[in-house]
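Novice: Test case, fold it:
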Amino acid sequence: MAAVKAGYHVTGIDVSPVVVENLNKGKSHVEDVSDRELKDALDLDLYRCTNSGNQVSGSDICVICVPTPLDRLGLPDLTYLQSAVRLVAEHLPSNSLLVSESTSYPGTVRDFVMPLVKSLRADGASQMSFASAPERVDPRNEKWNMKNTPRLVSGVDEISTKSAMDFYGSICDTVIEVSKPEVAEMAKLLENTFRQVNIALVNQLVPLCKEIGIDIREVVEAAGSKPYGYMKFFPGAGVGGHCIPIDPLYLLWKARQVGVELPFVAKADEINGGMPGYVASRLIQSAKLSKGDFVAVLGVAYKAGISDVRESPAEHVARALESEGLRVVWADPLVEKFHQFEQYSNHKVGGAIVVTAQPDLPIAELSAAGVPILDCTGVFKGMQGVEQL
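Specialist: Alright, predicted model coming up:
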């Protein structure tokens with residue numbers, strides 16, 4: 001219906017005869033599309049529905065949006081996606097765009113859809129375009145709908161990306177181009193996994209709140225009132241992201257006092273606590289560092305724009321490097337003292353790690369000198385010699 005509103009002639013395809021019959025009569029089975037909206041599209045001759053795949057023969061764009069459930073073993077079941085591709089593949093014009101909106105694992109478009117289409121076509125789909133644009137709609141949400149929910153889009157090549165961006169730009173308010181289809185596919189999985197993790201966290205707190213006489217719903221509502229977004233996702237949490245590790249430990253302590261275990265919270269603390277060691281090993285390996293070499297830790301406050309080093313992940317990164325026999329120096333224009341570590345002053349360093357993206361860090365200076373830099377913040381992406389976490 002969004003494509004109809006944008007002026008496209010749209011053909012809907014479904015294998016169910018009942019669905020096709022009802023849609024062609026103006027009866028919508030989708031809660032967010034009214035019968036009136038559907039009938040208007042039919043009356044304008046901008047929409048029709050069929051169960052025949054050969055009806056795509058005149059289509060410039062084909063969007064596949066079928067279910068991708070799990071099988072009885074909990075493994076990905078791409079049966080519906082495979083069926084949909086087989087239904088239309090040989091009938092699509094040679095220069096058409098095929099988009100998958102179905103939720104699936106990273107690599108589905110490139111490693112599953114594309115090879116299948118190529119195997120079904122006499123021309124090998126040599127001129128076809130392929131893209132991923134995962135569906136992100138929250139059904140019956142009155143505030144966020146398909147039009148105003150940002151759409152993630154990427155094609156397998158430049159032409160595919162442009163075609164997909166042009167199409168979604170005509171039906172969505174905000175279209176975000178990502179570097180490759182795998183990023184779009186992974187982002188959709190992360191969205192719902194992040195939600196699953198948050199739900200599990202709250203569920204695990206229910207017994208604790210009951211024991212100490214607190215209403216969990218009131219707690220969640222109060223926590224969510226923070227104006228800049230509570231539970232916001234911070235990349236590199238525990239290293240380059242804003243995190244306060246003391247809070248979960250207070251929570252664990254209180255829970256144990258009343259005989260409640262919070263393994264989910266404990267595991268999260270364990271995972272985040274292991275990141276400094278991982279980051280240190282990444283730099284040691286990529287920079288080929290040896291014991292006795294100087295290493296710079298850049299940005300040592302716990303959060304960008306401030307001078308407070310308490311609970312900063314930079315301390316744990318520095319100690320992890322030090323435990324490997326490396327000599328640690330630090331740089332941070334907003335910080336006067338960083339524990340017992342020596343401040344960077346034109347030391348000849350063999351590598352550097354950006355923990356907090358403070359202003360005026362000597363990134364350009366070290367990069368120009370050929371020093372390998374591991375950036376945990378993502379702020380310095382694209383600079384020569386800077387590797388991203």
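Novice: Let me know the pLDDT of residue 306.
Specialist: We have a pLDDT of 88 for residue 306.
Novice: In space, what's closest to it - neighbours in sequence excluded?
Specialist: Once flanking residues are discounted, residue 306 sits nearest to residue 334: 6.7 Å by CB to CB, 6 or more residues apart in numbering. (C-beta placed from N, C-alpha, C; glycine too.)
Novice: and residue 117, that one's in a helix?
Specialist: Yes - counting by DSSP: H, G, I helix; E, B strand; the rest coil, residue 117 is part of a helix.
Novice: The least confident helix or strand in the chain by mean pLDDT packs against which elements?
Specialist: Using mean pLDDT, DSSP states H and E, the weakest-scoring helix or strand in the chain turns out to be helix 246-257, at a mean of 81. With contacts defined as 3 or more CB pairs under 8 Å, 6 or more residues apart in numbering; DSSP states H and E, helix 246-257 has these neighbours: helix 263-287.
Novice: what's the burial count for residue 178?
Specialist: Each residue near residue 178 was counted by other CB atoms under 10 Å, and the total is 17.
Novice: Could you measure from the residue sitting furthest away from the middle of the chain over to residue 27?
Specialist: No residue in the chain sits farther from the centre than residue 43, which is 40.1 Å out by CA atoms, centre = their mean. The gap separating residue 43 from residue 27 is 14 Å, by CB to CB, to the nearest Å.
Novice: before we move on, what about residue 364?
Specialist: Per CB to CB, residue 364 is found 63 Å from residue 27.
Novice: Show me the domain layout of this protein.
Specialist: 2-187, 270-388 (automatic domain parsing).
Novice: End to end on the longest one, go ahead and measure it.
Specialist: If I follow you right, that is domain 2-187. Using CA to CA, to the nearest Å, the end-to-end distance of domain 2-187 comes out at 23 Å.
Novice: The last one now?
Specialist: Distance across domain 270-388, first residue to last, is 23 Å (CA to CA).
Novice: Equivalent analysis for stretch 71-86, please.
Specialist: Length of stretch 71-86, first residue to last, CA to CA: 20 Å.
Novice: And the helices in the stretch 251-389 of the chain?
Specialist: Using DSSP state H, counting those that start in this stretch, the helices of the stretch 251-389 of the chain run over residues 263-287, 313-323, 363-368.
Novice: Adding mean pLDDT and mean neighbour count, write the ones you listed out as JSON lines.
Specialist: As requested, these are exported to JSON lines (pLDDT from 0 to 100; neighbours: other CB atoms under 10 Å):
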{"stretch": "helix 263-287", "mean pLDDT": "87", "mean neighbour count": "17"}
{"stretch": "helix 313-323", "mean pLDDT": "93", "mean neighbour count": "22"}
{"stretch": "helix 363-368", "mean pLDDT": "94", "mean neighbour count": "16"}
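Novice: just to revisit the earlier point, so which of the domains of the chain is the most packed in?
Specialist: Among the domains of the chain, the stretch with the highest mean neighbour count (mean count of other CB atoms under 10 Å) is domain 270-388, at a mean of 18.
Novice: Residue 220 contacts residue 203, correct?
Specialist: No - the criterion here is CB atoms under 8 Å, and residue 220 misses it with residue 203 at 11.0 Å.
Novice: which of the two has more neighbours?
Specialist: residue 220 (15 against 11).
Novice: list the contacts for the more buried one?
Specialist: Residues near residue 220 by CB atoms under 8 Å, 6 or more residues apart in numbering: residue 202.
Novice: Tell me the pLDDT of it.
Specialist: At residue 220, the model reports a pLDDT of 83.
Novice: From residue 143, how far off is it?
Specialist: Separation of residue 220 from residue 143 (CB to CB) stands at 19 Å.
Novice: ok, which stretches of the stretch 51-200 of the chain are helices?
Specialist: Counting by DSSP H, counting those that start in this stretch, the stretch 51-200 of the chain has these helices, from start to end: 79-88, 108, 114-120, 158-171, 181-211.
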